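Peer 1: Structure, please.
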Amino acid sequence: MAFFISILVKGFLEVVNLDQLTAGSAEVWLSAEGLEEVGRTAQRFVDEGRLAGAFTIVARRGKVAHFAPCGMMDLG
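Peer 2: Numbers count the residues shown, from 1 in each chain. All right, here's what the predicted structure looks like:
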């Protein structure tokens, strides 16, 4: 299942023009350090066993400034 979802996301990202969807943190007035903290917090939850896995995404003004997977999608 995790493999299928990875292929699905990869295929979507190849079809869509990422330049239109993504932005640097400064472009959307977000702190780079704050965005890094989002990923670190999700990873800490995985490490503590509170989550098996997650995708973190932060968007502002219609642009994605942060997108990152962590952990596992399939525990079986």
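
Peer 1: Give the residue spans of this structure that score low on pLDDT.
Peer 2: The model of the chain has pLDDT under 70 over residues 1-22, 73-76.

Peer 1: which helix in it runs the most residues?
Peer 2: Looking across the chain with DSSP state H, the single longest helix is helix 32-47.

Peer 1: Just the CA trace of it, in CSV.
Peer 2: Extracted C-alpha coordinates of helix 32-47, given in CSV (Å, rounded to 0.1, in the frame of the first residue of the first chain):
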residue,chain,number,x,y,z
ALA,A,32,12.3,28.8,7.3
GLU,A,33,13.1,27.8,10.9
GLY,A,34,9.4,27.5,11.7
LEU,A,35,8.8,25.2,8.7
GLU,A,36,11.7,23.0,9.7
GLU,A,37,10.2,22.7,13.2
VAL,A,38,7.0,21.4,11.6
GLY,A,39,8.9,18.5,10.1
ARG,A,40,10.9,17.9,13.3
THR,A,41,7.8,17.8,15.4
ALA,A,42,6.1,15.2,13.2
GLN,A,43,9.3,13.1,13.2
ARG,A,44,9.4,13.3,17.0
PHE,A,45,5.8,12.0,17.2
VAL,A,46,6.9,9.1,15.0
ASP,A,47,10.0,8.4,17.1
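
Peer 1: And the next helix or strand past that helix?
Peer 2: Under the assignment DSSP states H and E, the closest C-terminal helix or strand after helix 32-47 is strand 53-60.

Peer 1: Give me the contacts around that following strand.
Peer 2: With contact meaning C-beta atoms under 8 Å, 6 or more residues apart in numbering, strand 53-60 is reached by 23, 28-30, 35, 38-39, 42, 45-46, 64-73. Placement of C-beta: from N, CA and C, glycine included.
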